[in-house]
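Enquirer: model this:
(chains A and B)
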Amino acid sequence: MLYFSKLRIIFITLISLLFIIFALSNLFNFDNKILNKKINLGLDLQGGSYLLLEIDNDPVIEQKLQNLTVTIRNFFKEKNVRITNFKLSNQTLSFTSDENSKQTILDEFASEESELNPYYQRFKSHQLDIVEENNFFKVSFSKQGIINLKTSSQDQALEIVRRRIDEIGTNEPNILKRGNDRILVELPGLDDPMRIKSLLGKTANLTFRFVTNDTEGSFGAEKLEFEDGTEEAIVSKRIILSGENLLDAQPRMDTENNETVVTFSLDRVGAKRFGKATSTGIGKRLAIVLDGKVISAPVIRDTIATGSGQISGGFTFQSATDLALLLRSGALPAPLNIIEERTVGPDLGQDSINAGMIALLIGFILVILYIFVKYKIFGIITNIALILNLFILVGILTIFEATLTLPGIAGIILTVGMAVDANVLIFERIKEELKSEKNNLIAFDSGYTKSRTAILDANITTLLAAIILFFMGSGPIKGFSLTLGIGIFTTLFTVYFIARLLTVLYVSKNKEKEGLI
Amino acid sequence: MIAFNKYYNKFNILSVSLVIVSLLLLTFKGLNFGIDFKGGTLIELRSTDSKINVSSLRDNLSQMNLGDVSVKNFGNETDFLIKFENNENKNVIEEIKKNLDKSFGNSFNFRRVENVGPKVSAELLRSGVIAISVALFLMLVYIWIRFEWQFSLGAIAALFHDVIVTLGLFSLLGLEINLSIIAAVLTIVGYSMNDTVVIFDRVRENLRKYSDIKIFELTNISINETLSRTLITSVTTLLALLSIFFFGGEVLKGFSLAMIFGVIFGTYSSIYIANTVLVRLNVSQKTVLREDKN
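Expert: As a prediction, the model looks like this:
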């Protein structure tokens, strides 16, 4: 255990130097791509927002089934099958038919090449499940159907969320999928988390619809509240224009009546429809509806054929900017709910960094002093290993550009406290060996050998705990397990290579000395 | 040599009663779950106006229909921690901000906002319980591979003792259980195991060496031989933890406190629980030699 070849010594020195340089690159700016790496600070240290959004797919499912009503009716009409009593409740579509058509309907839904009930070729499972009892049918989405629906709405929602966040221009946002109905958003250094929350919380479903008095029209009508809650209007369900037809939207100051408005321009299809609606509907009120609430419902005075217009609704400049942003980035496929939020202000982050660093420094000094008092010269050796341990640990975190959290700093401090354990085990063992063995070299050698199993056992148990935490824990806790886990490897390296090397050098020079340790 | 074995019985009675009391506390008083596991909203505020105190803040917030609101100082006089249960209102934080700005004249800085919905908190609790269970199970497997069953039983008894008594103390003192406490408990599991294994290693070595010494004496010899290491490591770990506790900021207080309890219990249990199990199971040289033959 006591022999080191020259090659090995060089190797150990080089590795240590490498990590030290990387550790230092956090403090200095090296003019080099490889060396210019830094540890990332977690949101709890640099300030920022962590938002977990859940997509509410229920309305999407309802909508899809609603659309299916028409599809099914038309599909079977062509085959001369009469279907009646369509009803939609509890995400199940029910209808009735007669005895003769029963099998035709069931066969169609069960067919592997069914147009009505696709997916079978790709997923070996249909999109829809159907149950029949006394000619009463119940259709609902199958497991696979739900999965596909969720993934596709997650994909769309992710894109819209990304666009909205990019429009605000925060630096380096992290937007990730979680499961098949969640989106994780991490926004470092955000000034105004409330604004982004309100932007992400809006579906931004924009429609232009006529205000009507006729509730019995062929499309039906609904009573909607105004955004400010002062008024109500009966609005037709027929959609003249929707947000999809929008090319651009911008906030603007309307100099005529000194009001902030949102101007928009439409694509070709949209412009055509808008022109037609405004020419036939002169004198009528056109309601501008956002997420089920009327923003405003101006009276049409002129035909607008240019494909551009403006929305007024008592906006402040901020609210007009936000509405324009929402309209530009498009509507979410389904409402998003914020189910978890963790926001840390930048000054608390800085306080945490300071507190963490002070705790690290004090803990480190206390441990070093204690070990020095306990072991004198071998205390110095242990302490050199401990200092290098810290540098190597930070160096590794830097190379992988790992994220350091406040619990992560706690993990480093704890590593400092526990790292000396291995050296203590070795030195205590050597002390015991020296009681029966007068030859220093032999005693040191067997001290190292005999303490090895205990050291391995001790570190494996801590490593097991760290690994479990890494896989089960979230956010900051992951940071703790990361530093604790890496700390075990750096500890073993510094104990068995650096501290042992120094011990060997010292002992071989003082072979004859008594009471060496 | 210190005669640790003279007190085996007394400390066993103490440990058993501590575990029973802890279990009773956990059953009847329960744990004080934080918003991570219970759901709800937490706001950390710093005021620039030193006249604002907990009661004026509480009076103001109690008019807002937030349900059960808890307001307390956090670290110092000008920092406050507000907590309330899950609220249907999505804009609740914005409304609180408006209300406070109106009543106290923009003197609050929102330093931290955490909001955990009921679904997420249930998931976090479940994964926390799973994490601790998996950790205990893996330790069990490791120790089972590594040692004879008598040793495994001793180590596991010590492990359960440490976890249960630490949680019992948290229940008794009403300290909050949040995500970082789960991390602390898992680290305690690792540390307790670590400490036990080092002594067991020595017990086994001595069992092979001396055939004529009874386990009652032998455990005492082994404890004494490893005692200085046990103490030095506990001291350095405690030094590190105390410095986190005193200087690491409010957020890490609960975590470091749990760890401090855990390290003390862990050190105690490796001496007075793990070893006494070996004595009670009457482990002898045969136990380890049989295993060697296999």
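Enquirer: use CA for all of it now, contacts and neighbours both
Expert: Fine.
Enquirer: Give me the residue ranges of the stretch 101-250 of chain B where confidence is low.
Expert: By pLDDT under 70, the stretch 101-250 of chain B contains no weakly predicted segment.
Enquirer: Mind jotting down where the helices sit in it?
Expert: B:118-146, B:149-173, B:179-209, B:215-247 (DSSP state H, counting those that start in this stretch).
Enquirer: So which of those helices is the most surrounded?
Expert: For the helices of the stretch 101-250 of chain B, the largest average neighbour count (mean count of other C-alpha atoms under 10 Å in any protein chain shown) is found in helix B:179-209, namely a mean of 24.
Enquirer: if you look at that one, does any of it touch chain A?
Expert: Yes: Helix B:179-209 reaches chain A (C-alpha under 8 Å from any C-alpha of the partner chain) through B:179-180, B:183, B:186-187, B:189-191, B:193-195, B:197-198, B:201.
Enquirer: Centre of the chain to that helix, how far?
Expert: Centroid separation between helix B:179-209 and its chain, computed with C-alpha atoms, centre = their mean, to the nearest Å, is 15 Å.
Enquirer: can you check stretch A:328-343 too?
Expert: With C-alpha atoms, centre = their mean, you get 12 Å for stretch A:328-343.
Enquirer: Buried residues, it. List them.
Expert: When neighbours are counted by 16 or more other C-alpha atoms under 10 Å in any protein chain shown, the buried residues of stretch A:328-343 are found to be A:328-343.
Enquirer: same thing with stretch A:129-137?
Expert: The neighbour-count check on stretch A:129-137 (16+ other C-alpha under 10 Å) flags A:Asp129, A:Ile130, A:Asn135, A:Phe136, A:Phe137 as buried.
Enquirer: so how many other residues sit close to the nearest residue to B:Leu124 once chain neighbours are set aside?
Expert: Residue nearest to B:Leu124 in three dimensions, not counting chain neighbours: B:Phe37, with 6.1 Å by C-alpha to C-alpha, 6 or more residues apart in numbering or on different chains. A total of 23 residues lie near B:Phe37 under the criterion other C-alpha atoms under 10 Å in any protein chain shown.
Enquirer: so what's B:Phe37 up against?
Expert: B:Ser121, B:Ala122, B:Leu124, B:Leu125, B:Asn178, B:Leu179 (C-alpha atoms under 8 Å, 6 or more residues apart in numbering or on different chains).
Enquirer: If we use 10 Å, what do you get?
Expert: If you count contacts by C-alpha atoms under 10 Å, 6 or more residues apart in numbering or on different chains, B:Phe37 has them with B:116-126, B:128, B:177-179.
Enquirer: which of the residues you listed sit farthest apart?
Expert: For those, the farthest-apart pair by C-alpha to C-alpha is B:Lys119 and B:Ile177; their separation is 17.8 Å.
Enquirer: ok, and the closest non-adjacent residue to whatever residue of the stretch 101-250 of chain A ends up closest to chain B?
Expert: Scanning the stretch 101-250 of chain A for proximity to chain B using C-alpha to the nearest C-alpha identifies A:Met194 as nearest, at 6.9 Å. Spatial nearest neighbour of A:Met194, chain neighbours left out: B:Glu94 (6.9 Å); criterion: C-alpha to C-alpha, 6+ apart.
Enquirer: where does A:Ser218 land on pLDDT?
Expert: Looking at A:Ser218, its pLDDT is 60.
Enquirer: For the stretch 151-300 of chain A, which residues score under the pLDDT cut-off?
Expert: Residues of the stretch 151-300 of chain A that meet the cut-off, pLDDT under 70, sit at A:214-219.
Enquirer: ok, which stretches of it are strands?
Expert: All strands of the stretch 151-300 of chain A, identified by DSSP state E, counting those that start in this stretch, fall at A:174-178, A:182-188, A:206-210, A:221-225, A:232-236, A:241-242, A:246-254, A:259-266, A:286-290, A:293-296.
Enquirer: Report the inter-axis angle for the fourth one versus strand A:286-290.
Expert: Put plainly, it is strand A:221-225. Counting by axes from the mean of the first three to the mean of the last three C-alpha atoms, to 10 degrees, strand A:221-225 points 70 degrees away from the direction of strand A:286-290.
Enquirer: Equivalent analysis for the first one, please.
Expert: Using the same axes, to 10 degrees, the inter-axis angle of strand A:174-178 relative to strand A:286-290 is 80 degrees.
Enquirer: which other helices and strands contact strand A:174-178?
Expert: Using 3 or more C-alpha pairs under 10 Å, 6 or more residues apart in numbering or on different chains; DSSP states H and E, the elements in contact with strand A:174-178 are strand A:48-55, helix A:143-168, strand A:182-188.
Enquirer: right, and those - which one's nearest B:Ser228?
Expert: strand A:48-55 (46.0 Å).
Enquirer: What is that closest one packed up against?
Expert: Partner elements for strand A:48-55 (3+ C-alpha pairs under 10 Å, 6+ apart): helix A:43-46, helix A:143-168, strand A:174-178, strand A:182-188, helix A:193-200, strand A:336-344, strand B:108-116.
Enquirer: Including distance to A:Ser308, could those go into CSV?
Expert: Output for these, formatted as CSV (distance: least, C-alpha to C-alpha, whole Å):
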stretch, distance to A:Ser308
helix A:43-46, 42
helix A:143-168, 22
strand A:174-178, 33
strand A:182-188, 34
helix A:193-200, 24
strand A:336-344, 30
strand B:108-116, 42
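Enquirer: do you know how far the residue nearest to B:Leu124 is from B:Lys119?
Expert: Per C-alpha to C-alpha, to the nearest Å, B:Phe37 is found 10 Å from B:Lys119.
Enquirer: Quick one: list the elements packing against the worst-scoring helix or strand of chain A on mean pLDDT.
Expert: Ranked by mean pLDDT, DSSP states H and E, the weakest helix or strand in chain A is helix A:120-123, scoring a mean of 78. Secondary-structure packing of helix A:120-123 (3+ C-alpha pairs under 10 Å, 6+ apart): helix A:143-168.
Enquirer: Buried ones in the helix it packs on, by neighbour count?
Expert: A:144-146, A:149-151, A:153-154, A:156-158, A:160-165.
Enquirer: Am I right that A:Phe4 is in contact with A:Leu501?
Expert: Yes: applying C-alpha atoms under 10 Å, one finds A:Phe4 in contact with A:Leu501, separated by 7.2 Å.
Enquirer: Please say which of these two ends up with more neighbours.
Expert: For A:Phe4 versus A:Leu501, neighbours defined as other C-alpha under 10 Å are more numerous around A:Leu501 (20 against 13).
Enquirer: need the contact list for the more buried one.
Expert: A:Leu2, A:Tyr3, A:Phe4, A:Arg8, A:Ile9, A:Ile12, A:Ile381, A:Thr494, A:Val495, A:Val507.
Enquirer: In contact with the fifth one, which residues?
Expert: A:Ile9 is in contact with A:Phe497, A:Ile498, A:Leu501, counting by C-alpha under 10 Å, 6+ apart.
Enquirer: got the buried residues for the helix or strand it falls within?
Expert: Under the criterion of DSSP states H and E, A:Ile9 resides in helix A:6-24. Within helix A:6-24, the residues scored as buried using 16+ other C-alpha under 10 Å are A:Ile12, A:Ser16, A:Leu17, A:Phe19, A:Ile20, A:Ile21, A:Phe22, A:Ala23, A:Leu24.
Enquirer: And stretch A:368-379, by the same measure?
Expert: A:Ile368, A:Tyr370, A:Ile371, A:Phe372, A:Tyr375, A:Ile377, A:Phe378, A:Gly379.
Enquirer: Among these, which one lies nearest to A:Lys431?
Expert: For these, the nearest to A:Lys431 is A:Tyr375 (11.0 Å; C-alpha to C-alpha).
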